[in-house]
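the sequence and its predicted three-dimensional model are supplied below.
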Amino acid sequence: MSARPRHALYAQSGGVTAVINVSAQAVIETARAHPGHFARLYAGRNGILGVLDEDLIDTGAESAGAIAALRHTPGGAFGSCRYKLKGLDQHRSEYERLIAVLRAHDIGTFFYNGGGDSADTCLKVAQIGRELGYPLQAIHIPKTMDNDLPLTDCCPGFGSVAKYSAVSIREAGLDVASMAASSTQVFILEVMGRHAGWTAAAGGLAATRAGEAPQLILFPEIVFDEDRFLAAVEASVKRWGYCAIVASEGLRDAENRFLSEAGGSDAFGHAQLGGLAPLLAQRIKQRLGRKCHYAVADYLMRAARHIASATDVEQAYAVGRAAVEQAMAGASGVMVTIERLADSPYRWTTGTAPLEQVANVEKKMPRDFITADGFHITEACRRYLLPLIAGEDYPPYADGLPLHTELANTAVPRQLPPRRL
């Protein structure tokens with residue numbers, strides 16, 4: 001490290017969560033606690049795109065109170081993006097622009113807060129610093145409601161979504177059960193989860209004994225068989241009077257096609273999904289003649305800070321703080337991880353994993369977390385999930401609504417000509 005402290009840069013990426021701003025709070029507060037190590041901490045407006053556009057934010061202009069209030073504010077305080085850096089050989093000018101911006105602002109540390117694709121971006125930033133002769137530390141801070149990052153016990157953002165799934169299907173199940181004799185008998189809650197069924201699995205925590213909602217869970221890891229599914233729905237209605245279902249958006253058929261693929265793809269190149277629940281509801285009505293309602297949780301579940309898991313909030317702060325501590329210790333090219341030490345009582349700590357082993361790798365549900373019939377979670381899965389939804393961390397309220405902070409997001413003066421697209 002040079003004798004003179006250099007600046008650091010933090011940015012958010014991918015779909016935001018209820019607690020990503022808690023990690024931002026931790027990074028900023030920890031960096032402020034060590035003024036001799038970092039000259040200033042900037043943020044990229046809208047993730048890596050803000051870096052490429054030299055659209056940087058001076059977090060030092062924010063008050064301590066505003067930063068502390070990030071703890072209970074959902075969304076992405078600095079803006080996020082879905083943008084993946086291309087290969088260096090094909091897009092060298094993009095990397096040169098990135099390094100030019102970092103160099104112009106004397107940024108020596110890059111913190112990127114996101115999921116698997118963001119880990120890939122962070123890895124590439126670490127690599128280009130070396131290849132282009134610019135000294136740079138790059139550290140990935142995990143965040144994904146999908147819980148699909150490898151080499152970490154869980155991902156900040158997931159615990160709160162898991163709590164939302166379990167609470168929502170329990171409440172909806174009681175509603176449907178009370179009306180099933182003369183009204184709706186089948187209810188479907190569609191949840192996020194493209195390739196991994198963690199979010200759907202969390203709904204299974206609501207059922208503590210036979211017959212409680214959800215009676216059925218549909219996982220991306222289990223090939224969808226329409227006849228088996230409809231038979232299970234009918235059996236549940238006949239036995240319990242109703243059937244509540246949690247369905248993952250990433251459900252696939254025997255040809256490995258998404259049932260809900262809507263056509264097109266997002267900026268990361270992933271197929272756009274949408275409409276699984278109405279599709280299932282239509283087939284239930286057509287083939288079983290059962291009245292069926294559905295709900296699509298979508299952004300509501302990932303934005304639900306009002307029902308965040310206390311464990312999730314604590315872990316989101318811990319990984320942000322650990323990222324800064326790792327940078328001060330000289331680390332680069334790593335992701336901060338959460339390491340489980342015990343299930344009951346739940347104990348955990350933070351660690352690190354090489355980004356080469358994290359980027360573009362998805363952690364799916366183990367088969368022994370899913371029951372033999374493919375429609376529910378096992379006790380092993382329940383033991384894993386329960387600690388992650390534990391505890392409440394309610395935001396402050398005023399006039400019946402939760403309070404959130406809005407940052408000033410003061411721009412850092414540009415030093416370079418605009419980027420050529």
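It's in. Residues are numbered from 1 along each chain as shown.

tell me who's in contact with Val296.
Under the criterion of CB atoms under 8 Å, 6 or more residues apart in numbering, the contact list for Val296 reads Glu190, Ala277. In short, each C-beta sits where N, CA and C put it, glycine included.

helix or strand: which one has Leu300?
helix 298-302 (DSSP states H and E).

identify each buried residue in that helix, please.
Going by neighbour count (16 or more other CB atoms under 10 Å), the buried part of helix 298-302 is Met301, Arg302.

how about the helices of the stretch 301-421 of the chain, start to end?
Applying DSSP state H, counting those that start in this stretch to the stretch 301-421 of the chain gives helices spanning 310-328, 379-385.

out of those, which comes closest to His7?
helix 310-328 (12.0 Å; CB to CB).

just the element for the closest residue to Val223 other than its chain neighbours, please.
Using CB to CB, 6 or more residues apart in numbering and skipping the chain neighbours, the partner closest in space to Val223 is Ala254 (5.5 Å). Assigned by DSSP H and E, Ala254 belongs to neither a helix nor a strand.

which residues touch Ala254?
Val223, Phe224, Asp225.

how much space separates the last one from Asp373?
Counting by CB to CB, to the nearest Å, the gap from Asp225 to Asp373 is 11 Å.

and those two? Which one has more around it.
Using other CB atoms under 10 Å, the more surrounded residue of Asp225 and Asp373 is Asp225, with 13 against 10.

from Gln415, how far out is that one?
As judged by CB to CB, Asp225 and Gln415 stand 59 Å apart.

low-confidence ranges, the stretch 201-350 of the chain, go.
262-274 (pLDDT under 70).

give the buried residues for the helix or strand hosting Phe229.
According to DSSP H and E, Phe229 maps onto helix 226-240. For helix 226-240, burial by neighbour count (16+ other CB under 10 Å) applies to Phe229, Leu230, Ala232, Val233, Glu234, Ser236, Val237, Trp240.

ok, and the closest non-adjacent residue to Ala408?
Ala61 (5.9 Å).

contact partners for the closest residue to Glu362 other than its chain neighbours?
If the residues on either side of it in the chain are set aside, Glu362 comes closest to Asp148, at 4.6 Å by CB to CB, 6+ apart. Asp148 makes contacts with Gly115, Gly116, Cys155, His195, Ala196, Trp198, Glu362, Lys363, Lys364, as judged by CB under 8 Å, 6+ apart.

confirm Tyr294 sits in a helix?
No: judged by DSSP: H, G, I helix; E, B strand; the rest coil, Tyr294 forms no part of a helix; its state is strand.

which one in the protein is furthest away from the centre?
Most distant residue from the mean C-alpha position of the chain: Ser182, 39.1 Å away (CA atoms, centre = their mean).

quick test: name the residue nearest the centre of this structure.
Thr144 (1.9 Å).

thought that one was touching Cys155?
Yes: counting by CB atoms under 8 Å, Thr144 touches Cys155, with 4.7 Å between them.

pretty sure Gly116 sits against Pro142.
No: with contact defined as CB under 8 Å, Gly116 and Pro142 do not form a contacting pair (9.5 Å).

dump the buried residues of helix 226-240 into TSV; add distance to Tyr83 as well.
Shown next, in TSV, are the buried residues of helix 226-240 (distance: CB to CB, whole Å):
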residue	distance to Tyr83
Phe229	37
Leu230	41
Ala232	41
Val233	41
Glu234	46
Ser236	43
Val237	46
Trp240	47
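
which one of those residues sits closest to Leu41?
Nearest to Leu41 among the buried residues of helix 226-240 is Phe229, at 50.4 Å by CB to CB.

gap between Ala61 and Ile28?
Ala61 is 11 Å from Ile28, by CB to CB.

if you could redo that for His91, that was the one I meant.
Applying CB to CB to His91 and Ile28 gives a distance of 31 Å.

of these two, who's got more company?
Ile28 (25 against 12).

can you show me the helices along the stretch 151-300 of the chain?
With helices called from DSSP H, counting those that start in this stretch, the stretch 151-300 of the chain shows them at 158-179, 198-203, 226-240, 276-288, 298-302.

ok, which of those helices comes nearest Ser260?
Ser260 sits nearest to helix 276-288 of all the helices of the stretch 151-300 of the chain, at 3.7 Å, using CB to CB.

next, the buried residues of that closest one.
Across helix 276-288, burial judged by 16+ other CB under 10 Å covers Leu276, Ala277, Leu279, Leu280, Ala281, Arg283, Ile284, Leu288.

so who does the closest residue to Pro220 other than its chain neighbours touch?
Spatial nearest neighbour of Pro220, chain neighbours left out: Gly250 (3.8 Å); criterion: CB to CB, 6+ apart. For Gly250, the contacting residues are Gly193, Arg194, His195, Ala196, Gly197, Pro220, Phe258, Leu273, by CB under 8 Å, 6+ apart.

make it 7 Å
Gly193, Arg194, His195, Pro220, Phe258, Leu273 (CB atoms under 7 Å, 6 or more residues apart in numbering).

and the gap between it and Leu102?
36 Å.

what sits up against the helix holding Phe229?
With CB under 7 Å, 6+ apart, helix 226-240 has contacts from Gln185, Val186, Gly211, Gln215, Leu216, Cys243, Arg283, Ile284, Arg287, Leu288, Arg290, Phe375.

thinking again about what came up before, and the contacts of Asp148, which of them are buried?
So, by 16+ other CB under 10 Å, the buried ones in the contacts of Asp148 are Gly115, Gly116, Cys155, His195, Ala196, Trp198, Lys363, Lys364.

same list, those residues, but as TSV with distance to Ala33 please.
Listed next are the buried ones among the contacts of Asp148 as TSV, based on distance: CB to CB, whole Å:
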residue	distance to Ala33
Gly115	27
Gly116	30
Cys155	25
His195	39
Ala196	36
Trp198	34
Lys363	33
Lys364	38
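
confidence-wise, which of those comes last?
Lowest pLDDT among these: His195, with 88.

name the SS class of Gly14, please.
Assignment for Gly14 (three-state DSSP): coil.

hang on, I meant Lys84
Strictly by three-state DSSP, Lys84 counts as coil.
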